[in-house]
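Trainee: One predicted model, sequence on top.
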Amino acid sequence: MTSTQSSLRLGMIAGAGFMITCLGIFSIFAVSQSNKRRHETEALLYQLRANAQGLGSNEWEAIAILKVDSDLHDSSERFRRDILNELKTIHIFQDREGLADKVQAAASRYLGDMEQEFALISNGRLDEARELNSSRVDPDFDLLDQAIQEAITKFGTETQHSNQTELLSFVGILVACLASILFLAFRFEGGRQLQKTNARLQELVTQLSLSQEKLTHLAYHDSLTQLANRALFMDQLTQCVNRTKRHQDYKFAVVFIDVDHFKAINDSLGHSAGDQLIVQIAERLSGSIRRYDVVPQRSDLTGPVRAAGNDILARLGGDIFAILLNDIRDPSDGIRVAERIQRNMAPPFPVDGRQLQITASIGIATSATNYSAAEDVWRDADTAMYQARSMGDSRYQMCDAAMHAAAVSRLKLESDLRQAESRGELLVYYQPIVSLQNGCLTGFEALIRWQRPGFGLVPPADFIPVAEETGLIVPIGSWVLREACSQMRAWRLRFPSEATLTIAVNFSAKQFIQPDLVEQVTVILRETGLDPGSLKIELTESVAMQDAERTARILNEFKAVGLCTSIDDFGTGYSSLSYLSRLPLDILKLDRTFVSGMDKNKESRQVVHTIISLAHNLGMDVVAEGIETVEQADELKSLGCHYAQGYFFSKPIDKACVENLLKSSTQEANFCGTMTELSRRFRGMEPTPAQI
C-alpha cells in the first residue's frame, strides 16, 4: 500500500470519526432542548392543575356564602385567565395530538361548567348550582386532572427515551474514538511515528474517560445544583433498604426538606431569582451534612457496611431536597441533622439585591420502622414533612408507623366528612341550660354530632379540627344553625307552654369572618320562622379577639336584629377586660376549668367570684359550664351565677329525649325544683346507655 493510499484511508477514517462525533453532539443538544421544553410544559401543567383547584375553591366559597361577590369574581376571572394562558403556552411548547389537545378539551369543559355554576350562584339558584357541581363540575375536574396526569406521565416516558437517544449519541462518540484508536494502533504498529501515535492515543483515551464521566453525571445529577437527582437517590435508598435486611445493626434515615413559601418567591421575583435561591439553599444544605461523591453501585449488598458520614444530598425537583443518612448510630441522628439545617438556613439569602429570610419544613423517616421498599421510606418522610408544615414554618417532624396510620385515618375521615351531610349522618344534640335561682329549664345549647358508619357516634373533638382545617366547618355550621332553629320552632309550636325556651348555637372562626354572616342568619330565621329573641349566638373568646373592632360591629348588627350574644369559654383565651367592656355581649359563659377548680382551692373560688362580679358590672348574665356535682351548683348559686349546664343536670341528648323532657314539663304543674330534683328528672330522660 502506497503512502498516498495510507494517508487517504487515515483521512477517511478520521473524517468518519469526526462526523460521528459531530452528529452525536448535535443529537445531545437537540435532546437537551426537547427535554427542556418538556420540563417547562410539565411545570405549566402543574400550575394549570393548581389554578383549576383554586377555581374550584372559589366555587365552594361561593356556595358557602350563597353568592358571588366582586372579590370572588375577580379571583375566579384571574384563575380562568391563567388557565387559558397556560393552555396557549403548552400548545406552543408541545403541539402534538392526544397530549395538549386532550388537556385543552378537558380544561374547556371544566371552565364552561364552572362559568355556568357561578352564574347560578349569582342568581341565587343554589340548589341547581350544587346539582351542577355534583353531576358535571366535579367529574369534569377529575377528567382534567386525569388528562394532566397522563400528559405528565407521557413526558416522563419521552424524557426517558430522549435520555436513551442521548446515551446512544455518547456511545457513537465512544465508537468513533475507539475506531480511531484501533486504526492508529494498526497503522503505526511497525513503530513508525511512535511518539506521535502515543500522544494521539493518550488524547483519545482521555476523551473516552471524560465522555464516560459526563454520561454518568448527566444520568444521575440535577442540572441546576449538580446534586444527586431522584434516580441516584432512589438507587442508593434501595441499597440501604436491602442492606437492613442483611445487617441487623445497620440503620439509615431519610430527611425530606421543603422550602416554605417558595412559590411566593418565584411569583414575585421571577424564576431566575428562584433558581439563584435554590443554588444557595443547596450549598447550605451541603454544609449541613458530611457527604462524599457517590456513583451508583448495585453490587455488594451483602458486603461490609460503608463508613459513617457517606451521606447523599439530592434535589428531587422544584424546592424539594432529600438527604440519605447512611449508617447512622441512632434515629436521633436525623433530628440532629434537621436542627443543623435550621441553623444554617437562618442567615438571610442575598438574591437580586434583596435579603430573603427562608425557612424549611423537614420530615424524617428512619429504618427503625423496618421498611421493605424504598418507596415506603419516601412516603413516610414525605408524610412527616407535611405534618411538620401543618405546625407552622421552620418545623421538623419524625415519622413512625403510628404517624403513618394516623395520616391514612385522617384522609379517610376527611373524605367521609365531606359526604356526611348529604348522607344524613350529621345530628344535632341538645344540652339543657337551667336557672340556678329557681331550678327551671331555660333553654338548650345545640351541639354537632356525627353518626359515622362503622364508627358509631363520633365525638366533636375527633372531627371538628378537621372541619376547621379543610373549611368544611362553614357549610356544617350553617347546617347546624338551620337545623337548631327549625327544631326550636317546631318545639315552640308543639309545646306552647315552653315559649320562653332559647337555643344557643356556636360559631367557629371561619364562620364568623364571612362578609354576609348577619344576612345568612337573618335568612335562616326568616325561613324557619323562629323569633330572633329565641336564638343565642355564641363565639369563643379567641374568635372574638382576632379582630375586636369587626367583632363589635357584627355583634351590634346581631343585636339590632334582636339576637342574644354570648362569649363562650371565658378565661381560656385572651381575657382582655378592655375588649370585653367594648363588646355588646349579653351572656358570659364561665369555662368548666374554673368550675372544677372551686372544689380544690379557695383561689379558684375567688377567681369565679371575680368573673361573676365583672359580668354583673358589665350588665351580663353568667352561664357556668361543666357542673358535675350538687355542691358546685349550690356554690355557684351562692356566688350569684344565674344559669348552668353540665353532666350533673344532663349530658347532651337527642331531639327524642328533649321531646320526652318537654312532655314531662307540660304534664308537671311546676317542672322546677331543687338542684337534686332537677338533675334526677333530666337524667331520667337520657337514653340508655347515655350518649354524649
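Mentor: Here it is on my side, so go on.
Trainee: Which strand runs longest in this protein?
Mentor: In the chain, with assignment by DSSP state E, the single longest strand is strand 441-452.
Trainee: Off-centre distance for it?
Mentor: Here strand 441-452 shows a centroid-to-chain-centroid distance of 30 Å under the convention Cα atoms, centre = their mean, to the nearest Å.
Trainee: Paired strands for it, with orientation please.
Mentor: strand 426-435 (antiparallel), strand 456-458 (antiparallel), strand 502-507 (parallel) (DSSP bridges).
Trainee: Next up, the contacts around the nearest residue to Ser508 once chain neighbours are set aside.
Mentor: Nearest non-adjacent residue to Ser508, counting by Cβ to Cβ, 6 or more residues apart in numbering: Ile473, 4.7 Å away. C-beta here means a position set from N, CA and C on the backbone, and glycine is covered the same way. Counting by Cβ atoms under 8 Å, 6 or more residues apart in numbering, Ile473 touches Ile464, Ala467, Ser508, Lys510, Gln511.
Trainee: cutoff 7 Å now
Mentor: Ile473 makes contacts with Ala467, Ser508, Lys510, Gln511, as judged by Cβ atoms under 7 Å, 6 or more residues apart in numbering.
Trainee: Throw those residues into TSV and include pLDDT, neighbour count and secondary structure, thanks.
Mentor: Formatted as TSV, the contacts of Ile473 follow (pLDDT from 0 to 100; neighbours: other Cβ atoms under 10 Å; DSSP: H, G, I helix; E, B strand; the rest coil):
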residue	pLDDT	neighbour count	secondary structure
Ala467	91	24	helix
Ser508	88	17	coil
Lys510	87	17	helix
Gln511	88	23	helix
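Trainee: buried ones in the helix or strand hosting Pro350?
Mentor: If you go by DSSP states H and E, Pro350 is part of strand 349-351. Buried residues in strand 349-351, counted by 16 or more other Cβ atoms under 10 Å: Phe349, Val351.
Trainee: Report the strands that pair with it, each with its relative direction.
Mentor: Counting by DSSP bridges, strand 349-351 is paired with strand 354-356 (antiparallel).
Trainee: what element comes up after the strand it pairs with heading to the C-terminus?
Mentor: Next along the chain after strand 354-356, taking DSSP H and E as the criterion, comes strand 360-366.
Trainee: Sketch out the low-pLDDT regions of the stretch 1-150 of the chain for me.
Mentor: 1-72, 74, 86-100 (pLDDT under 70).
Trainee: rewinding a little: mind saving the C-alpha coords of the longest strand of the chain as CSV?
Mentor: Extracted as CSV, the C-alpha positions of strand 441-452 are listed here (Å, rounded to 0.1, in the frame of the first residue of the first chain):
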residue,chain,number,x,y,z
LEU,A,441,-85.3,24.8,82.3
THR,A,442,-84.5,27.9,80.3
GLY,A,443,-83.1,26.5,77.0
PHE,A,444,-80.5,24.4,75.2
GLU,A,445,-77.1,24.6,73.6
ALA,A,446,-77.0,22.9,70.1
LEU,A,447,-74.0,20.6,69.7
ILE,A,448,-73.0,18.8,66.5
ARG,A,449,-72.6,15.0,66.4
TRP,A,450,-71.6,12.7,63.5
GLN,A,451,-73.1,9.2,63.2
ARG,A,452,-70.3,7.8,61.1
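Trainee: what's in contact with it?
Mentor: Under Cβ under 7 Å, 6+ apart, the answer for strand 441-452 is 416, 420, 425-435, 457-458, 460, 463, 476, 480, 484, 501-505, 643, 645, 652, 658, 665, 671.
Trainee: same check, this time on stretch 590-608
Mentor: Here stretch 590-608 makes contact (Cβ under 7 Å, 6+ apart) with 569-572, 611, 622-627, 631-632, 635, 639.
Trainee: Turn the buried ones among these into a named PyMOL selection, would you?
Mentor: Command for PyMOL, covering only those of those found buried under the criterion 16+ other Cβ under 10 Å:
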select buried, resi 569+570+571+611+622+623+624+625+626+627+632+635+639
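Trainee: And the contacts of stretch 590-608, which is the shakiest by pLDDT?
Mentor: Here the lowest pLDDT out of those sits on Thr572, with 64.
Trainee: Give me the buried entries from the contacts of strand 441-452.
Mentor: 416, 420, 425-435, 458, 460, 463, 476, 480, 484, 501-505, 643, 645, 652, 658, 665, 671.
Trainee: element containing Tyr647, please.
Mentor: Tyr647 belongs to no helix or strand, assigned by DSSP H and E.
Trainee: now it, nearest residue through space, not along the chain?
Mentor: Nearest to Tyr647 is Glu628, by Cβ to Cβ, 6+ apart, at 5.3 Å.
Trainee: Quick check, pLDDT for that neighbour.
Mentor: Per-residue confidence (pLDDT) for Glu628: 89.
Trainee: distance of it from Asp599?
Mentor: Per Cβ to Cβ, to the nearest Å, Glu628 is found 9 Å from Asp599.
Trainee: need the contact list for Ser566.
Mentor: Each residue near Ser566 by Cβ under 7 Å, 6+ apart is listed here: Ala504, Lys536, Ile537, Glu538, Leu585, Asp586, Ile587, Lys589.
Trainee: what kind of secondary structure is Val595 in?
Mentor: With DSSP: H, G, I helix; E, B strand; the rest coil as the basis, Val595 sits in helix.
Trainee: in the stretch 251-400 of the chain, which ranges drop under the pLDDT threshold?
Mentor: 290-309, 369.
Trainee: what ranges do the helices span in it?
Mentor: For the stretch 251-400 of the chain, the helices defined by DSSP state H, counting those that start in this stretch cover 262-269, 271-286, 332-345, 374-390.
Trainee: in the stretch 101-250 of the chain, which spans are helices?
Mentor: Using DSSP H, counting those that start in this stretch, helices in the stretch 101-250 of the chain cover 126-132, 138-187, 194-220, 230-246.
Trainee: Now Asn133. Nearest residue, chain neighbours left out?
Mentor: Per Cβ to Cβ, 6+ apart, closest to Asn133 is Glu117, 5.9 Å.
Trainee: just to revisit the earlier point, pick out the shakiest of the helices of the stretch 101-250 of the chain, pLDDT-wise.
Mentor: Taking the mean pLDDT of these, helix 138-187 comes last: a mean of 66.
Trainee: Against Glu538, how distant is the residue nearest to Tyr647?
Mentor: The gap separating Glu628 from Glu538 is 21 Å, by Cβ to Cβ.
Trainee: Equivalent analysis for Ser108, please.
Mentor: 46 Å.
Trainee: who has more neighbours, these two?
Mentor: Counted by other Cβ atoms under 10 Å, Ser108 and Glu538 do not tie: Glu538 has more neighbours, with 20 against 15.
Trainee: My read is that that one contacts Asn506, right?
Mentor: Yes: with contact defined as Cβ atoms under 7 Å, Glu538 counts as touching Asn506 (4.8 Å).
Trainee: Quick check: neighbours shared by those two?
Mentor: Taking Cβ under 7 Å, 6+ apart as the criterion, Glu538 and Asn506 both touch Asp568.
Trainee: Could you measure from Val466 over to Leu413?
Mentor: From Val466 across to Leu413, the span is 6 Å (Cβ to Cβ).
Trainee: more neighbours, those two?
Mentor: Neighbours were counted for Val466 and for Leu413 using other Cβ under 10 Å; Leu413 has more, 18 against 15.
Trainee: Remind me which helix or strand the more buried one belongs to.
Mentor: helix 401-418.
Trainee: Compute the mean per-residue pLDDT across that helix, please.
Mentor: Helix 401-418 shows a mean pLDDT of 77 in the predicted model.
Trainee: re the thing from before, the contacts of Ser566 in strands, which ones?
Mentor: By the criterion of DSSP E, membership of the contacts of Ser566 in strands covers Ala504, Lys536, Ile537, Glu538, Ile587, Lys589.
Trainee: Reformat the residues you listed as a markdown table; add pLDDT and distance to Arg354.
Mentor: Below are the ones in strands among the contacts of Ser566 laid out as a markdown table (pLDDT from 0 to 100; distance: Cβ to Cβ, whole Å):
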| residue | pLDDT | distance to Arg354 |
| --- | --- | --- |
| Ala504 | 96 | 51 |
| Lys536 | 95 | 51 |
| Ile537 | 93 | 46 |
| Glu538 | 93 | 46 |
| Ile587 | 92 | 51 |
| Lys589 | 90 | 49 |
